[in-house]
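S.K.: Below: sequence and its predicted model.
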Amino acid sequence: MGSRVAAALLRRGKDSALTTIPRLPRGSPAPSPAPPRVGSGSCGGGGGHLLPSPHPRSTGGLFAASRVASFHSFRSLGPKSCFGQCTRKMSTASAALNPTVSNATANSALKLLVTKGPEAQKAVGIWLFGCAAWVFSMVILGGVTRLTRSGLSMTEWKFAGGLPPMSEEEWLLEFEKYKLSPEYMRVNKGMNLEDFKFIYWMEYAHRMWGRALGFVFAVPFGYFVAKGYVTRQLGLRLSALFALGGGQGLIGWWMVKSGLEEPASEYVEPRVSPYRLAAHLTSAFAIYCGILWTALSVVMPEPPAESMNWVKGAAKLRKLAIPVSAVVGITAVSGAFVAGNDAGRAYNTFPKMGDTWIPEDVFSMEPFIRNFFENTSTVQLNHRILATTTLLSVSGLWLAARKIDMHPAVKSLVGSTLGMTALQVTLGISTLLMYVLTSLGSAHQAGALMLLSLMILLTHTLRRPSPALLKSLTSAVKST
């Protein structure tokens, strides 16, 4: 029965995947039929929930087929993606286990996030990866908006948005509103209408791109729910991400509003609160990471694991990868405070900060804690230290991975992460030395998000396999 279900499942994918499903040895007794599946009549339906079976031997072929189908759908998303090389290695290495030695019970079978088979799994996966890419572009566009000092050009905010100025009179009206802002009076006094149009269009594009993302997320989500593709677990997770995305617009206006207020001193340049900017950027990072993790969970429900040695090796590396991921995340958030305090335009030297290693005014503010978030010298020094710590941590992770027996694709992924870390540090130093050029600053922000993406992929790949897979691997070891 296990082999028949496996064959039916894989006919929805590619015929070549059939070669990875093991068959019972010639002469062995055929397994007894399993009870009917609960839920959809399709092979992939029901999210992997089965009725208890008195014949645990029959679950081996079904479990193996589920693993092969999930990895096959991951591979079919496109070999030219940014993670293509590593994920192709993972998908081709997902060999099924011998069903004659599998003792996994039906109740412990793999629970998928998407029902209705591999085609539904592929469709939801493509949609989620597309949404993640959209958020990625949103973060980069937001960085360009900030670097071109366009974020305070629109002095009003509407939740649903609206049409841009269409006539010369409407443009002049918007320009008059901007002339009342502290930024115009202290920074851009004398700006002409054409220059104002540029910064206005930058901010308008950023806002409307975010609203378009809400449409791109909500409409397919409703369609997949109506079709019955989405399980309860996935539905709750995506609903939370959608709510966080809606709140992101409010956080963005809350941030912009702080820059429209009169500064405390006439010598202070108007800019948004570094705390609110950090909240806005951190929220964007959280949304992106949440969507990316969910997309990976949809298309790759099991980590690559063909032996207990690889599982144990992944567990060892996971203990190191999780704290390294935290360091990468903290470094990215510290960059938001660098941006909020315009600290990148101070101490444009490296490795020293001016003529000294540590500026004298790093702890000049009271209370003491303010220095870490508002003091330009301290904020930049913290970011330098955290960036160095990130590079050393990822290097240590790479060295540890070389000595651990694990999947070759995981080792390749760790090497890619180290390369991205080195590139990101190089971009950061270049941005500092070139006095924060818009192109370099945007590339540095994109590099931070790319490094986060690689760490998300790594920790997802290193996660603990399901109990069914662990039990099957243990049984395979005992039978040899």
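M.R.: Here it is on my side, so go on. Just so it is clear, the model here is predicted, and its values are computed rather than measured. Numbers count the residues shown, from 1 in each chain.

S.K.: can you pull out the helices in the stretch 101-250 of the chain?
M.R.: 118-147, 168-179, 182-186, 193-227, 232-259 (DSSP state H, counting those that start in this stretch).

S.K.: Tabulate these (TSV), appending distance to residue 265 and mean pLDDT.
M.R.: Bear in mind the C-beta positions are built from the backbone N, C-alpha and C, glycine included. Putting the helices of the stretch 101-250 of the chain into TSV (distance: least, Cβ to Cβ, whole Å; pLDDT from 0 to 100) gives the following:
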stretch	distance to residue 265	mean pLDDT
helix 118-147	22	95
helix 168-179	21	94
helix 182-186	11	90
helix 193-227	24	94
helix 232-259	15	93
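
S.K.: which of these sits most buried?
M.R.: Most buried of the helices of the stretch 101-250 of the chain, by mean neighbour count (mean count of other Cβ atoms under 10 Å): helix 118-147, with a mean of 21.

S.K.: Kindly spell out which helices and strands sit in contact with it.
M.R.: With contacts defined as 3 or more Cβ pairs under 8 Å, 6 or more residues apart in numbering; DSSP states H and E, the packing partners of helix 118-147 are helix 59-75, helix 193-227, helix 274-299, helix 438-461.

S.K.: Could I get those in a markdown table, plus columns for distance to residue 346?
M.R.: Formatted as a markdown table, these follow (distance: least, Cβ to Cβ, whole Å):
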| stretch | distance to residue 346 |
| --- | --- |
| helix 59-75 | 45 |
| helix 193-227 | 23 |
| helix 274-299 | 14 |
| helix 438-461 | 14 |
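
S.K.: and residue 329, which of the helices of the stretch 101-250 of the chain is closest to it?
M.R.: Proximity to residue 329 (Cβ to Cβ) singles out helix 118-147 among the helices of the stretch 101-250 of the chain, at 14.1 Å.

S.K.: Could you tell me how many residues sit around the residue lying closest to residue 245 once chain neighbours are set aside?
M.R.: Of all residues not flanking residue 245 in the chain, residue 287 sits nearest, at 5.7 Å (Cβ to Cβ, 6 or more residues apart in numbering). By other Cβ atoms under 10 Å, 23 other residues sit near residue 287.

S.K.: What of the one 4 residues further on?
M.R.: Burial of residue 291 is recorded as 25 neighbouring residues (other Cβ under 10 Å).

S.K.: Now for the residue lying closest to it once chain neighbours are set aside: which residues touch it?
M.R.: Among residues not flanking residue 291 along the chain, residue 132 sits closest, at 4.5 Å (Cβ to Cβ, 6+ apart). For residue 132, the contact set (Cβ atoms under 8 Å, 6 or more residues apart in numbering) comprises 288, 291-292, 295.

S.K.: Can you turn the buried part of those residues into a ChimeraX selection?
M.R.: This is how ChimeraX selects the buried members of these, with burial counted by 16 or more other Cβ atoms under 10 Å:
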select :288,291,292,295
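
S.K.: Closest to residue 362 out of the contacts of residue 132?
M.R.: residue 288 (32.0 Å).

S.K.: what about the closest one, distance to residue 316?
M.R.: 28 Å (Cβ to Cβ, to the nearest Å).

S.K.: thinking again about what came up before, as CSV, the contacts of residue 132 with distance to residue 410 would be great.
M.R.: What follows is the contacts of residue 132, written out as CSV (distance: Cβ to Cβ, whole Å):
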residue, distance to residue 410
288, 23
291, 23
292, 18
295, 19
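
S.K.: To residue 357, which of the helices of the stretch 101-250 of the chain lies closest?
M.R.: With Cβ to Cβ as the criterion, residue 357 lies closest to helix 118-147 of the helices of the stretch 101-250 of the chain, at 27.9 Å.

S.K.: between that closest one and helix 193-227, how big is the angle?
M.R.: 160 degrees (axes from the mean of the first three to the mean of the last three Cα atoms, to 10 degrees).

S.K.: Centre of the chain to helix 118-147, how far?
M.R.: The chain centroid and the centroid of helix 118-147 are separated by 9 Å under Cα atoms, centre = their mean, to the nearest Å.

S.K.: for the most centrally placed residue in the chain, what are its contacts?
M.R.: Centroid check for the chain by Cα atoms, centre = their mean gives residue 289 as the closest residue, at 2.9 Å. By Cβ under 8 Å, 6+ apart, the residues touching residue 289 are 452, 456.

S.K.: Can you tell me how far it is from residue 295?
M.R.: As judged by Cβ to Cβ, residue 289 and residue 295 stand 11 Å apart.

S.K.: What of residue 205?
M.R.: From residue 205 to residue 295 the distance is 25 Å (Cβ to Cβ).

S.K.: Quick one: mean pLDDT for the helix or strand hosting residue 430?
M.R.: In this structure, residue 430 sits in helix 408-433 according to DSSP states H and E. The average pLDDT within helix 408-433 is 95.

S.K.: was I right about the residue nearest to residue 245 contacting residue 248?
M.R.: Yes. Between residue 287 and residue 248 there is a contact under Cβ atoms under 8 Å: 6.6 Å.

S.K.: Low-confidence regions, this structure specifically.
M.R.: Where the chain drops to pLDDT under 70, the residues are 1-110, 266-267, 476-480.
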